[in-house]
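Chemist: below are the sequence and a predicted model; questions follow.
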Amino acid sequence: MTSLLETLNGLKEDPTLVLQLYQQLFGENYFAIIRPGTENDLDKMEFLIYDTPDEVRELPLFTSEHFVLYDLAKNASVIQIGGQSFWERLLDIIETGKCEVAINPLQPHSIRLTKEMILGMIGNYGAK
């Protein structure tokens, strides 16, 4: 199986890679930017969210420290996080068309995840 980064990079040329994308997204650990002092309690974590030109706010997640937008993280903490409870927590924050998860924003392979996509990942790959 290819890595998540390989899948993201190959999606434009091979749309069939989407079949493995959700499982890879669900199983990945990410770097996230949060407000300092909120890192010890997932339910109280305050994630960085920023405005975009198309008026869909983004909550950025990064598959590698190399992709982290440290200019955005100047007064914040960067943590590594993942797992089903993390995705479930994001459901409290994300609203399709208003605020979406951005995987590796500003990279050529970046994608946005809507609430419905996250619900699908949890439904298909989460604990039942």
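Modeler: All right, it came through fine.

Chemist: who are the contact partners of the residue nearest the centre of the chain?
Modeler: The C-alpha lying nearest the average C-alpha coordinate of the chain belongs to Leu61 (C-alpha atoms, centre = their mean; 4.0 Å). Contacts for Leu61 (C-beta atoms under 8 Å, 6 or more residues apart in numbering) come out as 30-32, 101-104. (C-beta placed from N, C-alpha, C; glycine too.)

Chemist: worst mean pLDDT across the helices and strands of the protein, which element?
Modeler: helix 18-27 (a mean of 92; mean pLDDT, DSSP states H and E).

Chemist: and that helix, what's buried?
Modeler: 21-22, 24-26 (16 or more other C-beta atoms under 10 Å).

Chemist: how far away from the center of its chain is it?
Modeler: Relative to its parent chain, helix 18-27 has a centroid offset of 12 Å by C-alpha atoms, centre = their mean, to the nearest Å.

Chemist: any stretches of the protein with poor pLDDT?
Modeler: 1 (pLDDT under 70).

Chemist: show me where it has helices.
Modeler: 4-10, 18-27, 84-90, 115-125 (DSSP state H).

Chemist: columns distance to Asp41 on top of the ones you listed, output as a markdown table?
Modeler: Output for the helices of the chain, formatted as a markdown table (distance: least, C-beta to C-beta, whole Å):
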| stretch | distance to Asp41 |
| --- | --- |
| helix 4-10 | 27 |
| helix 18-27 | 22 |
| helix 84-90 | 10 |
| helix 115-125 | 20 |
